[in-house]
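> Need a 3D model of the sequence below.
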Amino acid sequence: MRILGVDPGSQKTGVGILDVQGNHLSYVHHSVIRVGTGDFSERLTALFSGLSSIIETFKPELAAMEDVFVSKNVTSALKLGQARGALVAACGFHGLHVEPYSPTKVKQSITGFGRADKKQVQHMVNMLLKPPPPLQEDAADALAVCICHAHHAPLQNIIAKRR
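Have a look, this model is predicted:
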């Protein structure tokens, strides 16, 4: 099973891809889609097309994305929500349902501590997957989303079948 993980951002978005066989995780790809600070609608289009290109290249079967957190800056939270929407739309366009995970759940899955900082997540992703350098923080977060989904998806499938 191939999993796409996304750490959304309105200026840069982390992307990670893993193959999962049973309990074994294999690194496939990581990157950061950088769209800068220009016109916001152009940035949303660039996020959609950038993620679409990655999906077409690597053909993931599952997708997971970090959920939007509420920040003190409402404008930033709204922009992040719109960026996440463009990324979810790219996944949907390619037939992928997106499973959301809170930042706390992702950090808990990777480090055992839901309030871990980005450096701790990056360190654990390096230890678990040994991806080729450089591993930017946003890409490490996206790979962490993949790992989180790999651990939670089997349980979610069992629960769904019982309903």
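
> In which helix or strand does residue 122 reside?
Using DSSP states H and E, residue 122 maps to helix 118-129.

> Quick one: list the elements packing against that helix.
strand 24-34, helix 103-111, helix 137-162 (3 or more CB pairs under 8 Å, 6 or more residues apart in numbering; DSSP states H and E). (Glycine included, C-beta is placed from N, CA and C.)

> Strand 24-34 and that one, what's the angle between them?
For helix 118-129 against strand 24-34, the angle by axes from the mean of the first three to the mean of the last three CA atoms, to 10 degrees is 140 degrees.

> Report the angle between helix 118-129 and helix 103-111.
Using the same axes, to 10 degrees: helix 118-129 against helix 103-111 is 50 degrees.

> CA atoms only for helix 118-129 - export them in PDB, please.
Coordinates of each C-alpha in helix 118-129 appear next as PDB, following Å, rounded to 0.1, in the frame of the first residue of the first chain:
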ATOM      1  CA  LYS A 118       9.600  20.100  14.800                       C
ATOM      2  CA  LYS A 119      13.200  19.100  15.500                       C
ATOM      3  CA  GLN A 120      12.100  16.100  17.500                       C
ATOM      4  CA  VAL A 121       9.700  15.000  14.800                       C
ATOM      5  CA  GLN A 122      12.400  15.500  12.200                       C
ATOM      6  CA  HIS A 123      14.900  13.400  14.300                       C
ATOM      7  CA  MET A 124      12.500  10.500  14.700                       C
ATOM      8  CA  VAL A 125      11.500  10.400  11.000                       C
ATOM      9  CA  ASN A 126      15.300  10.300  10.200                       C
ATOM     10  CA  MET A 127      15.700   7.500  12.700                       C
ATOM     11  CA  LEU A 128      12.700   5.400  11.400                       C
ATOM     12  CA  LEU A 129      13.000   5.900   7.600                       C
END
